[in-house]
Each structure stands twice: as structure tokens, then as C-alpha cells.
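Chemist: kindly generate the corresponding structure for this input.
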Amino acid sequence: MKAVQTDKLSKYYSRNQIKALDNFSINVEQGIIFSLLGPNGAGKTTLIKTLLGIIHPTHGTARVLDRPVSDYRVHREIGYLAENHRFPEFLTARQVLLYYGKMAGVSGDILGSKIPHLLQTVKLQDWQNTKIRKFSKGMLQRLGLAHALINDPKLLFLDEPTDGIDPVGRREIRDLLKALRDQGKTIFLNSHLLSEVERISDEVAILKDGQLLEKGRIEDFISIKEQFQLKLDGTADQIELLLKREHIQFEKDKDYYIISVQNDTELNAAIDKLRMQKINIQAIIPRKITLEDFFIDVVDVNKETDH
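Modeler: Sure, this is the predicted structure:
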């Protein structure tokens with residue numbers, strides 16, 4: 001069973017003049033952190049609202065936890081944190097979880113034991129009886145995450161969950177989301193903070209103009225195939241002379257030598273030659289780019305193709 005499945009999903013507005021989603025097909029496995037990326041207007045919010053059954057597609061199909069999105073019963077197994085969520089400011093943190101938990105169908109007895117645990121999980125246990133009008137943006141985000149978890153969902157849709165949270169808070173949210181994934185929950189994440197996405201996601205998808213440009217594992221996107229950073233102990237003249245003599249392609253980058261090889265056999269041969277010359281190898285690191293670099297390259301390439 002997939003967590004999310006769409007087949008040629010499309011949503012058009014203004015008499016089919018605006019294509020918010022255009023034949024969008026995707027499968028998301030269960031038990032992973034999946035991130036949705038794209039520039040403004042790419043169709044991310046439209047996709048999430050369609051998967052939540054808030055808006056209806058023009059054509060195509062969508063399923064969540066092996067049920068059509070039109071089946072209201074699937075909502076019992078979904079948690080959702082909207083980007084600009086709002087709670088009544090006269091309520092306390094505990095009251096928010098109590099009232100919204102009851103609206104989600106969670107019994108009072110269960111809420112009595114669950115609410116303290118959720119507030120502790122999001123580091124708000126000392127603020128449970130404080131009216132939320134006094135909360136900072138980061139505290140409201142953490143309360144929203146607790147609200148999304150109130151019905152113990154199998155699938156979490158999170159829209160900008162670390163927005164407005166300081167670096168320490170972001171790390172705590174990352175750790176929490178990883179723990180939820182390890183419990184078997186699926187996290188469907190929408191975020192513009194690409195450094196956060198890179199640290200936490202198992203898979204990502206990139207949208208533009210309602211179309212899927214790329215989908216895959218983070219590691220596959222940011223690794224540069226067959227390039228390695230070597231940290232070597234020796235004089236620059238000695239090392240560079242050897243690399244040139246052995247016809248090993250390289251470039252110098254601060255304290256590292258970046259070498260290019262065709263395969264693992266060639267890499268091991270290069271390492272053997274360095275060792276034979278008594279050059280100590282302190283580190284061998286597969287070369288990577290940032291997810292931000294990859295994202296910009298993908299979007300820019302498709303921008304040029306559009307023209």
C-alpha cells in the first residue's frame with residue numbers, strides 16, 4: 001500500500017486557462033519523509049489540498065493510504081499542519097488540543113493522557129495553561145504540530161513546519177519528524193527551506209507549472225558521480241606531480257584534491273598509487289552539491305526549455 005498515489009492528476013482554473021496541476025503522477029511509499037519542492041505558483045498547495053479532499057481535481061485520480069481522496073474516512077488517519085494555521089487566541093495550549101482533539105473524534109479519556117505527552121513532545125509543557133495570544137510564531141508552529149498529531153495519524157501533511165522557528169527549535173522538529181518516521185508514519189512535507197529538506201528528507205519531488213520535473217532520493221540528487229575529495233598528507237608539489245604522472249584528473253579545492261574517475265576500480269587504483277608513494281590518505285569523501293544547487297539547476301534548465 002502506497003501512502004500517496006496520483007495518476008494524471010490535473011486541476012485547471014479560469015476555464016482551463018490556468019493549469020495548477022497538469023497530468024501529475026506520483027507514488028509515495030509509506031514510512032518515509034517525502035518533501036515537495038517548487039517555486040512559487042508551482043502547484044504545491046493545490047496538490048496538498050487535492051490530496052486532503054479540500055478541492056476537487058479537473059481530471060485524473062488521487063489516493064491516500066489506498067483510499068480515494070473523496071472517502072472522508074481516510075481523514076481519521078491523516079494529520080495536517082497548514083502554513084498559516086489559526087487558533088482562537090483566547091484559548092490556552094491545552095484547550096486548543098482538547099477542543100480540536102474532540103472535533104477530530106478523539107475521546108476525552110484518551111485526550112486526558114495524550115495532551116500532556118504531546119505538549120512535552122513539542123516543548124510546550126510549561127505553557128499549557130497560557131493563552132496562545134502570548135505565543136511567539138515558533139511556539140504556534142509547535143502547537144500546530146501537536147494538533148496535527150492529536151489523532152495519532154499514519155500520514156502527516158506539513159506545510160512549512162519550521163517556519164518562524166529558531167535553529168535550536170528546527171533541530172528539535174527535525175529530530176521529532178525522524179522519530180515519527182521511525183515509528184512507521186509517513187511525513188509529506190512542503191518547505192522552502194532547502195537546507196532543512198536536505199537534512200531530513202528521504203525523497204523529494206520538484207514541481208514547476210504544475211508538472212513533475214524530478215523525483216528521487218536526496219542522495220542520488222546531490223552526489224556527483226565518480227568524483228571524490230581526497231585529503232592527503234604530503235607536499236603539494238609531490239602530490240600534484242604524482243597525480244599528473246599517473247594521468248589522474250584532479251583539481252585543488254582548499255585542503256582537498258578533487259579527483260575524477262570512471263569507476264570504483266579506477267578509484268582504488270589511484271589510491272594504491274598514492275600509498276605506494278608513501279602519501280598518507282586522511283579522508284576519501286564522495287563529492288556532493290547542495291540540494292539548493294540541484295533545485296536551481298533543474299528549474300533553470302526547464303525555464304530555458306520553456307523558451
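
Chemist: all strands of the stretch 1-150 of the chain, in order?
Modeler: 4-13, 18-28, 33-37, 59-64, 67-68, 78-81 (DSSP state E, counting those that start in this stretch).

Chemist: show me the beta-bridge partners of residue 284.
Modeler: residue 230 (DSSP bridges).

Chemist: next up, the contacts around it.
Modeler: 228-230, 271 (Cβ atoms under 8 Å, 6 or more residues apart in numbering). Backbone N, C-alpha and C define where each C-beta goes, glycine included.

Chemist: which two in the residues you listed are spaced the farthest apart?
Modeler: 229 and 271 (13.1 Å; Cβ to Cβ).

Chemist: which one (most neighbours) among the contacts of residue 284?
Modeler: Counting neighbours by other Cβ atoms under 10 Å, residue 230 leads the contacts of residue 284 with 22 neighbours.

Chemist: from residue 245, how far out is the residue nearest the centre of the chain?
Modeler: Centroid-nearest residue in the chain: residue 35, 3.2 Å away (criterion: Cα atoms, centre = their mean). With distances taken as Cβ to Cβ, to the nearest Å, residue 35 is found 45 Å from residue 245.

Chemist: check residue 284 too.
Modeler: According to Cβ to Cβ, residue 284 stands 20 Å off from residue 245.

Chemist: so which helix or strand of this structure has the lowest pLDDT on average?
Modeler: Using mean pLDDT, DSSP states H and E, helix 291-306 stands out as the lowest-scoring helix or strand of the chain, at a mean of 76.

Chemist: return the distance of stretch 89-105 from the chain's centre.
Modeler: 28 Å (Cα atoms, centre = their mean, to the nearest Å).

Chemist: same check, this time on stretch 197-209
Modeler: 5 Å.

Chemist: which parts of that stretch are buried?
Modeler: 197-198, 200-209 (16 or more other Cβ atoms under 10 Å).

Chemist: and those residues, which of them are in helices?
Modeler: The helices, defined by DSSP state H, take in 197-198, 200 from the buried residues of stretch 197-209.

Chemist: got these as JSON lines, with pLDDT and distance to residue 46 columns?
Modeler: Below are these laid out as JSON lines (pLDDT from 0 to 100; distance: Cβ to Cβ, whole Å):
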{"residue": "197", "pLDDT": "90", "distance to residue 46": "19"}
{"residue": "198", "pLDDT": "90", "distance to residue 46": "24"}
{"residue": "200", "pLDDT": "92", "distance to residue 46": "24"}
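
Chemist: which one of those is nearest residue 126?
Modeler: Residue 126 has its nearest neighbour among these in residue 200, at 26.3 Å by Cβ to Cβ.

Chemist: state the distance from that closest one to residue 218.
Modeler: Counting by Cβ to Cβ - residue 200 and residue 218 are separated by 9 Å.

Chemist: cool, residue 253 as well?
Modeler: Relative to residue 218, residue 253 is positioned 22 Å away (Cβ to Cβ).

Chemist: between the two, point out the one with more neighbours.
Modeler: Higher neighbour count among residue 253 and residue 218: residue 218, with 20 against 10, using other Cβ under 10 Å.
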